[in-house]
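Peer 1: the following block contains a protein sequence and its predicted model.
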Amino acid sequence: MATQATTKWALDPTHSEIGFKVKHLMINTVSGKFEKFDGSVETAGDDFTTAKIYFTADLSSVNTGNEQRDGHLKSDDFFSSEKHPQLSFSGSKLEKVSGDKYTLTGDLTILGVAKPVTLDVDFGGIAKDPWGNTKAGFSVTGKINRKDWGLNWNATLEAGGFLLDEVVKLNVEIQLTKQA
């Protein structure tokens, strides 16, 4: 039996977005994203259940729409982006749940701390763009507890509770381009 050739896929940053949401004051949600990121995937043929996934995001590119808040996130209270310029994700298993629904397991590294995470994936499919490039699309969602990576900063509210929730919701849109 012949082994399938390895297919390399590159992240298309112009059609991808790495977003997150955190509850603020426990009454509303603030969104942010990373402006600079990169990633690659290797599969056996076009079978994404065989995927080896690697992704990085530049922590100094965090953007919440507020310069003061972004500066605080880059500081030693949170990302320490000068000491730890990137977060990374290394995916080890993509399992089909049903239809186009999958779970993705891998290690997320923030502040030099690697922790296993499991994320939900919706596979959008594979299509050719008008220039003949083969593209694959994915929506990735999940929740992590920021304290698992030492992102502990918070403030107690006068009425009780905390300024920021520990839970961070991830909302990631990925488009990959098959490499020749």
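Peer 2: It's in.
Peer 1: going forward, measure contacts and count neighbours with C-alpha atoms only.
Peer 2: Fine.
Peer 1: dump the residue contacts of A127.
Peer 2: Applying C-alpha atoms under 8 Å, 6 or more residues apart in numbering, we find A127 in contact with T134, K135, A136.
Peer 1: which phi and psi does the last one have?
Peer 2: Listed backbone geometry of A136 is phi -130, psi 140, with angles given as degrees, to the nearest 10.
Peer 1: what's the burial count for it?
Peer 2: A136 has 20 neighbours, counted by other C-alpha atoms under 10 Å.
Peer 1: what sits up against stretch 61-73?
Peer 2: The contact list for stretch 61-73, computed with C-alpha under 8 Å, 6+ apart, reads V30, S31, G32, K33, F34, E35, K36, K74, F78, F79, S80.
Peer 1: sorry, wrong one. I was asking about stretch 77-93.
Peer 2: Everything outside stretch 77-93 that qualifies as a contact, by C-alpha under 8 Å, 6+ apart, is 49-60, 72-75, 103-112, 151-153.
Peer 1: quick one: buried ones out of these?
Peer 2: Neighbour-count burial (16 or more other C-alpha atoms under 10 Å) applied to the contacts of stretch 77-93 gives 49-60, 73-74, 103-111, 151.
Peer 1: sort out for me which of those residues are in strands.
Peer 2: Applying DSSP state E to the buried ones among the contacts of stretch 77-93, the entries found in strands are 49-58, 103-110.
Peer 1: who wins for neighbours among the contacts of stretch 61-73?
Peer 2: F79 (23 neighbours).
Peer 1: what's that one sitting at in phi/psi?
Peer 2: phi -80, psi -20.
Peer 1: now do the same for it: its pLDDT.
Peer 2: On the pLDDT scale, F79 is placed at 87.
Peer 1: cool, A5 as well?
Peer 2: A5 carries a pLDDT value of 86.
Peer 1: doesn't A44 make contact with it?
Peer 2: Yes. Counting by C-alpha atoms under 8 Å, A5 sits close enough to A44 to count as a contact (5.8 Å).
Peer 1: of the two, which one has the most company?
Peer 2: Set A5 next to A44 and count neighbours by other C-alpha under 10 Å: A44 wins out with 16 against 10.
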